[in-house]
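K.L.:
Sequence plus predicted model, see below.
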Amino acid sequence: MDTWFLILASLCLAIIITSLMFYNGDSKKLPPGHHLKKIPYLKAVVLEELRRHPPAHLVLPHRVTEQVELQGYMIPKGATINFMVAEMGWDPEVWEEPMEFKPERFLVNDGVVFDIGGSKGIKMMHFGAGRRICPGADLALLHLEYFVANLIWYFHWSVADGYHVDLTEKVKFTVVMKNPLQAKISSRAKMITT
Ligand code: HEM
């Protein structure tokens, strides 16, 4: 449990640090927060990233309060249940071409349609589900959108010479890239101010 607490605490810290990093006191230079709603593809990219490359493959374990039978399996009172969230997001019976990165899967009629709380059925649950769902889910999604928007707004990105992007994962404290990303980044500052 301590490990999970540390993961959550570091997620919160990372979000706060990135917010401070990108706040430069000049709101004209930043894409205003309310504009994010007008960029559904951005939200679709964030959701697809969470589905395809979740930061953790398991969410917090839960303890069963009463013995229950689930699809023929008897789960005893007091058992600890882990939810394999990565596998849920990669289930070929639920997702078409699950190992492909396709943000378009979240777009319906130019808008994003996804029930993050799972009230109409759970297709992925990186924030948990039900009454103990992460209360910071909306805030986290907003910050992730803002973070990605700013990275694109301020910098031009290209692949480093001779490097091929390899999205293979490995598990460290959280899930990270096995072969770290190498990118050439240049400022778009001139383009933004002119
Ligand atoms: C990408 C970012 C985040 C992810 C993936 C995430 C994921 C989770 C997960 C899986 C849980 C456990 C749900 C369960 O018990 O089944 C949780 C709980 C929680 N999260 Fe987050 N979280 C994120 C960001 C945040 C942020 C930004 C905040 C606060 C501002 C936050 C506050 C909490 C709190 C307070 C709980 C405990 C809720 C409870 O036990 O009733 N989380 N989160």
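P.N.:
That came through, no problem.
K.L.:
Contact partners for Val68?
P.N.:
Met74, Ile75 (C-beta atoms under 8 Å, 6 or more residues apart in numbering). C-beta coordinates here come from the backbone N, C-alpha and C atoms, glycine included.
K.L.:
typed the wrong thing, it's Arg105
P.N.:
Counted by C-beta under 8 Å, 6+ apart, Arg105 has contacts Ala44, Glu48, Trp95, Glu96.
K.L.:
For the ligand, see how far away the first one is.
P.N.:
Separation of Ala44 from the ligand (C-beta to the nearest ligand atom, to the nearest Å): 16 Å.
K.L.:
swap in the second one?
P.N.:
Glu48 sits 14 Å away from the ligand, going by C-beta to the nearest ligand atom.
K.L.:
That residue contacts Leu107, doesn't it?
P.N.:
No - with contact defined as C-beta atoms under 8 Å, Glu48 does not count as touching Leu107 (10.1 Å).
K.L.:
what about the residue in the chain that the ligand sits nearest to, how many neighbours?
P.N.:
In the chain, the residue that lies nearest the ligand is Gly136 (2.2 Å; C-beta to the nearest ligand atom). By the criterion of other C-beta atoms under 10 Å, Gly136 has 15 neighbours.
K.L.:
for Leu141, same thing?
P.N.:
17.
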